[in-house]
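Asker: Need coordinates for the following:
(chains A, B, C and D)
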There are 2 protein chains.
Amino acid sequence: MMDEPAVERLRAAGLRPTRQRVQLVELLFSDGHRHMTAESLHADAGAAGVQVSLATVYNTLHQFTEAGILREVVVDASRSYFDTNTGDHQHFFVENDGTLIDIPGDEIAVSGIPTPPKGHAVDRVDVVVRIRKN
Amino acid sequence: MMDEPAVERLRAAGLRPTRQRVQLVELLFSDGHRHMTAESLHADAGAAGVQVSLATVYNTLHQFTEAGILREVVVDASRSYFDTNTGDHQHFFVENDGTLIDIPGDEIAVSGIPTPPKGHAVDRVDVVVRIRKN
DNA sequence: TCAACAGATTAGAATAGTTCTAATCCCGTG
DNA sequence: CACGGGATTAGAACTATTCTAATCTGTTGA
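Answerer: Numbers count the residues shown, from 1 in each chain, chains lettered A, B, ... in the order given. This next block holds a predicted model:
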């Protein structure tokens, strides 16, 4: 009756706890927050002995994002990043090596956002501080 | 001796004023600021009777960005946007239709950006206010 | 328990946006 | 005005992502 946490989390998100999803949740949420791309997660999964296809990694990333247990971070036009931290925060993006670093939401603040055009509502405010190694 | 403005602008940017580049500059900078993708610019050029290949549009967008007369805006993981406004400003991004709207730089402000990790310098701070039609 | 079905997974094909290649073209110098 | 090197081009190639259609697996209900 008492499911393990990964299964719980999937059930709570309305997702059927399949082997692949359970293992990906364990990989993603067992040790602090992570940033990843589909490719990097697929590689990490393989390295951790989790057998899952790239297609499923893509499906899962989108389902998790949809379900609110992951957040997509748009910083690079050439690929999608995901973040296990779905709370209020922003990012440094190291342009040299494509790395993300969290900025806590209580440190950074955006003021003076104009009222959106009539009939539009603000969905989210993203701040990306682009930095580079020198 | 007195070149037309488009040619001037290209010379100033250190770019050889070829037919395609001159015509693209005229299209881009003759009537207020514009937001575009490579595909949309290629289509607009065609509609304006400017004969230019898609490859050249891509080359030109990158060269102009490099030269500082265009700015790239990263809002969508699936394609690149460019903006003729290179001054200090931010954007609304209408998620429904992939449209950009400028937010003047003197209206919006970001405070509390932490010091970047040692050996890194801030390149730019981008704010994207994601909105959706309701 | 287990049959059966809906949903999930998969390999590989397909697609979209972008970059590359190598041939041709054309701007600016002499 | 010839020439050389950068610019342009069509189309191939590439990369990240999505789609397809076949197979598999959780879950439900008898």
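
Asker: care to break chain A down by domain?
Answerer: Each domain of chain A is listed here as a residue range: A:5-73, A:86-131, per automatic domain parsing.

Asker: which one of the ones you listed lies closest to chain B?
Answerer: For chain B, the closest of those is domain A:86-131, at 4.3 Å, according to CB to the nearest CB. (Each C-beta comes from the backbone N, C-alpha and C, glycine too.)

Asker: Check whether that closest one comes into contact with DNA strand D.
Answerer: No: using CB under 7 Å from any atom of the strand, domain A:86-131 stays clear of DNA strand D, coming no nearer than 9.8 Å.

Asker: touching chain B at all, that domain?
Answerer: Yes: with CB under 8 Å from any CB of the partner chain as the criterion, chain B is reached by domain A:86-131 at A:92, A:94-95, A:101, A:103, A:107-114, A:116-117, A:119-131.

Asker: re earlier: any chance of a markdown table for the domains of chain A, columns mean neighbour count and mean pLDDT?
Answerer: Below are the domains of chain A laid out as a markdown table (neighbours: other CB atoms under 10 Å in any protein chain shown; pLDDT from 0 to 100):
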| stretch | mean neighbour count | mean pLDDT |
| --- | --- | --- |
| domain A:5-73 | 16 | 96 |
| domain A:86-131 | 15 | 97 |
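
Asker: Can I get those domains in JSON lines including distance to DNA strand C?
Answerer: Listed next are those as JSON lines, based on distance: least, CB to the nearest atom of the strand, whole Å:
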{"stretch": "domain A:5-73", "distance to DNA strand C": "3"}
{"stretch": "domain A:86-131", "distance to DNA strand C": "14"}
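
Asker: got the contact list for the residue lying closest to residue A:134 once chain neighbours are set aside?
Answerer: Nearest residue to residue A:134, sequence neighbours excluded (CB to CB, 6 or more residues apart in numbering or on different chains): residue B:121, at 5.3 Å. If you count contacts by CB atoms under 8 Å, 6 or more residues apart in numbering or on different chains, residue B:121 has them with A:131, A:132, A:134.
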